[in-house]
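In: Provided below are the primary sequence and the corresponding predicted coordinates.
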Amino acid sequence: MPQAIIAPSILSGDFAQLAVESQRMINEGADWLHVDIMDGHFVPNLTIGAPVVQSLRKHTNAFFDCHLMVSNPEKWVKDFAKAGASLFCFHIEASQDPGKLIDEIRSHGMKVGVAVKPKTPIDVIFPLGHKIDMCLVMTVEPGFGGQKFMEDCVPKVKALRERFPELDIEVDGGLSLETIDQASKAGANVIVAGTSIFKADNPKEVINTFRNKVNTEQAKYSKSVE
Ligand code: DX5
Ligand code: ZN
């Protein structure tokens, strides 16, 4: 049964003190750190690249969930592996040959994730589901933190969970105490959140609520398929 994994997005942290912000999130109970890589081409925003991940790696042994919102993700596998990325998640829309890229990421010792934008149908993932560690279902248009959760993406999570009971399914964008129920009931177990965790008065409480809700729904689900 997939367990809850809570992954604060450091995009909502202070980029001038990423090591401090990362440690703060680990202390608050984060399981993974979600690292948003944007190239100003695949998405209309620029963030950080492998050199920053490499610097951050010197300060923590946390699991780096790297979400690459970039064109030509093939180009960056080696650099991210060297930088200490734990998981390399690329967008299906950006890849010419996903099967080959999956093998390439694995051969560099990283876990493999594939992401889908809100308008991309989820059935493009079905042939790959058994070859990957995680599927990221975007619940906002990628590019910026602080956007509104898109409810119409939720059925994609459900369809994926029905087909792949053991897959890690991640949701990213607009997750908060108001939207977690929809995502967790549909079967998501990896929860990315920037604004709702970083800006909370009590991040630990938010993280614990997310975790409890996900684990409750996963337990119900696994009982129903017994
Ligand atoms: C958006 C990024 C997200 C973003 C989420 O393109 O992929 O990871 O940081 O931020 P919130 O939780 O504020 O929507
Ligand atoms: Zn992301």
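Out: Yep, it's here. Ligands and ions are numbered 1, 2, ... in the order given.
In: from here on, contacts and neighbour counts on C-alpha atoms
Out: OK.
In: now what about the helix or strand of the chain with the lowest mean pLDDT, what contacts it?
Out: Within the chain, no helix or strand scores below helix 203-224, which has a mean of 94 by mean pLDDT, DSSP states H and E. For helix 203-224, the surrounding residues in contact (Cα atoms under 8 Å, 6 or more residues apart in numbering) are 1-6, 28-30, 177, 180-181, 184-185, 187-189, 191, 196-197, 200.
In: could I get that helix in PDB with only the CA atoms?
Out: Taking C-alpha atoms only, helix 203-224 is exported to PDB below (Å, rounded to 0.1, in the frame of the first residue of the first chain):
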ATOM      1  CA  PRO A 203       3.700  23.900   9.100                       C
ATOM      2  CA  LYS A 204       4.000  20.700  11.200                       C
ATOM      3  CA  GLU A 205       0.300  20.700  11.800                       C
ATOM      4  CA  VAL A 206      -0.400  21.100   8.000                       C
ATOM      5  CA  ILE A 207       2.000  18.300   7.200                       C
ATOM      6  CA  ASN A 208       0.500  16.000   9.800                       C
ATOM      7  CA  THR A 209      -3.000  16.600   8.500                       C
ATOM      8  CA  PHE A 210      -2.000  15.900   4.900                       C
ATOM      9  CA  ARG A 211      -0.300  12.700   6.100                       C
ATOM     10  CA  ASN A 212      -3.200  11.400   8.100                       C
ATOM     11  CA  LYS A 213      -5.700  12.100   5.400                       C
ATOM     12  CA  VAL A 214      -3.700  10.300   2.800                       C
ATOM     13  CA  ASN A 215      -3.000   7.300   4.900                       C
ATOM     14  CA  THR A 216      -6.700   7.000   5.900                       C
ATOM     15  CA  GLU A 217      -7.700   7.000   2.300                       C
ATOM     16  CA  GLN A 218      -5.000   4.600   1.200                       C
ATOM     17  CA  ALA A 219      -6.100   2.200   3.900                       C
ATOM     18  CA  LYS A 220      -9.700   2.300   2.800                       C
ATOM     19  CA  TYR A 221      -8.600   1.800  -0.800                       C
ATOM     20  CA  SER A 222      -6.400  -1.200  -0.100                       C
ATOM     21  CA  LYS A 223      -9.300  -2.800   1.900                       C
ATOM     22  CA  SER A 224     -11.700  -2.300  -1.000                       C
END
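In: Can you select the buried ones from the contacts of helix 203-224 in ChimeraX?
Out: Command for ChimeraX, covering only those of the contacts of helix 203-224 found buried under the criterion 16 or more other Cα atoms under 10 Å:
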select :2,3,4,5,6,28,29,30,180,181,184,185,187,188,189,191,196,197
